[in-house]
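Trainee: Fold the following for me, if possible:
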Amino acid sequence: MKLNIKKARCGKKPLLNRPPGVLAIALLMACSLNAQSVQERTRPRVVVTADPELDDSNSLLRFLLYSTDWQVEGLVYASSQFHWKGDGKGTKWFVPGRKYTRFGLNICPCTSWRWGENEQFIHDAVEAYAQVYPNLKVHDPDYPSPDALRSKIRFGNIEFDGDISKDSPGSDLIKSLLLNAEPGPLFVTAWGGQSTIARALKSIQEQYGLTPQWADIKAKVSRKLVLLPSGDQDDTYANYIKPNWPDVDYRQFTPLWLWGATGRKAAGFHLPDLVLDAGACLRSRAHGRLVPGMGRWQANGERRYLRLFWPGGLYQ
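Mentor: Below is the predicted model of the structure:
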């Protein structure tokens, strides 16, 4: 897969005059890339799973603005140790060592943790995308329609931190994508916890584990799944995925926050300049209406993981 890049320029200052670190990333993010058409290249198939943390919401906005570069297979609400909804039945939950046990708080067992009433940050992001969709189509006709994106939204295992005891619409979607006949990898992000992904894998194991097809199915799923975690935020990777699916491709940047709040020191360049360049490109595509919805804290969120499946990027 080779991108035919003729120019990459945003604003008055040529990118070639920027430091090498900025140039390498800015080339990926430049808004005037002239790449091969979608018909001439295979786009990575991607499922996003995310919890309501602000960085995940910001990452999702960026993900949608570059959705011409990959095939969106799912947008899935996830839980984590930092956010879980509860079952609405008054059931209390507690995991030792979580934030609610620190500094003598002893807040839980509790019925939910940092999950807002009627939480719908994924729906909100898609609705914001819908507002700027007419302008995005001017830049690239391959942007997916808002209705196509809405059809990909599912709720995963959001009731409790690390609970993989039952299926959810989100885990069912991931399971079906792992078992279908589509060739090539399926990239699944875990910007929150991994319980929805773990439940999909456990459901496959429960269905086929004692059948003659199990060895082939396990090998197929292990080859297909590329897991892109932002840490093990609910212990389900350590407790279930790694022991039972050791051959799954597990990709995580080290150090974890290389492109987060401490990124400017680790990368060796002035991060605000890079963020400004990227923001200018995004605003030019969206007429300035979508990007201002980004929060200021870790404004670019989990964007480092986009490079793990971006065509022409580290995916290659």
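Trainee: which non-adjacent residue is nearest Cys110?
Mentor: Excluding its sequence neighbours, the residue lying closest to Cys110 (C-beta to C-beta, 6 or more residues apart in numbering) is Lys92, at 6.0 Å. Heads up, the C-betas are built off the backbone N, CA and C, glycines and all.
Trainee: Flag the shaky bits of the stretch 1-150 of the chain, pLDDT-wise.
Mentor: 1-41 (pLDDT under 70).
Trainee: ranges for the strands of it?
Mentor: Listed in chain order, the strands of the stretch 1-150 of the chain (DSSP state E, counting those that start in this stretch) span 45-50, 71-77.
Trainee: still on that earlier bit, pretty sure the residue nearest to Cys110 is touching Pro109, no?
Mentor: Yes - when contacts are counted by C-beta atoms under 8 Å, Lys92 is listed as touching Pro109 (3.7 Å).
Trainee: Show the backbone phi and psi for the residue nearest to Cys110.
Mentor: Phi and psi for Lys92, reported as degrees, to the nearest 10, are phi -100, psi 150.
Trainee: So what's the residue count around it?
Mentor: By the criterion of other C-beta atoms under 10 Å, Lys92 has 11 neighbours.
Trainee: Same check on Asp249?
Mentor: Asp249 has 13 nearby residues by other C-beta under 10 Å.
Trainee: what's the pLDDT at it?
Mentor: At Asp249, the model reports a pLDDT of 96.
Trainee: Gln252: how many residues sit nearby?
Mentor: Gln252 has 17 nearby residues by other C-beta under 10 Å.
Trainee: And Gln213, by the same measure?
Mentor: Gln213: 10 neighbours (other C-beta under 10 Å).
Trainee: Verify the stated contact: Gly116 with Pro52.
Mentor: Yes - taking contacts as C-beta under 8 Å, Gly116 lies within contact range of Pro52: 6.8 Å.
Trainee: So for the two, which sits in the more crowded spot?
Mentor: A direct count of neighbours by other C-beta under 10 Å for Gly116 and Pro52 places Pro52 higher, at 23 against 11.
Trainee: The more buried one and Gly184, how far apart?
Mentor: Applying C-beta to C-beta, to the nearest Å, the value for Pro52 to Gly184 is 31 Å.
Trainee: circling back: will you turn the strands of the stretch 1-150 of the chain into TSV that also has mean neighbour count?
Mentor: As requested, the strands of the stretch 1-150 of the chain are arranged in TSV below (neighbours: other C-beta atoms under 10 Å):
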stretch	mean neighbour count
strand 45-50	26
strand 71-77	23
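Trainee: For the lengthiest helix in the chain, which helices and strands make contact with it?
Mentor: Longest helix in the chain, counting residues (DSSP state H): helix 121-139. On a contact count with 3 or more C-beta pairs under 8 Å, 6 or more residues apart in numbering; DSSP states H and E, helix 121-139 meets helix 54-65, strand 71-77, helix 146-150, strand 153-155, helix 271-286.
Trainee: Contacts only, for the residue nearest to Cys110.
Mentor: Cys108, Pro109, Cys110, Thr111 (C-beta atoms under 8 Å, 6 or more residues apart in numbering).
Trainee: where exactly do the helices run in this protein?
Mentor: Counting by DSSP H, the helices of the chain are 20-29, 54-65, 121-139, 146-150, 169-179, 195-208, 214-224, 236, 242-244, 263-267, 271-286.
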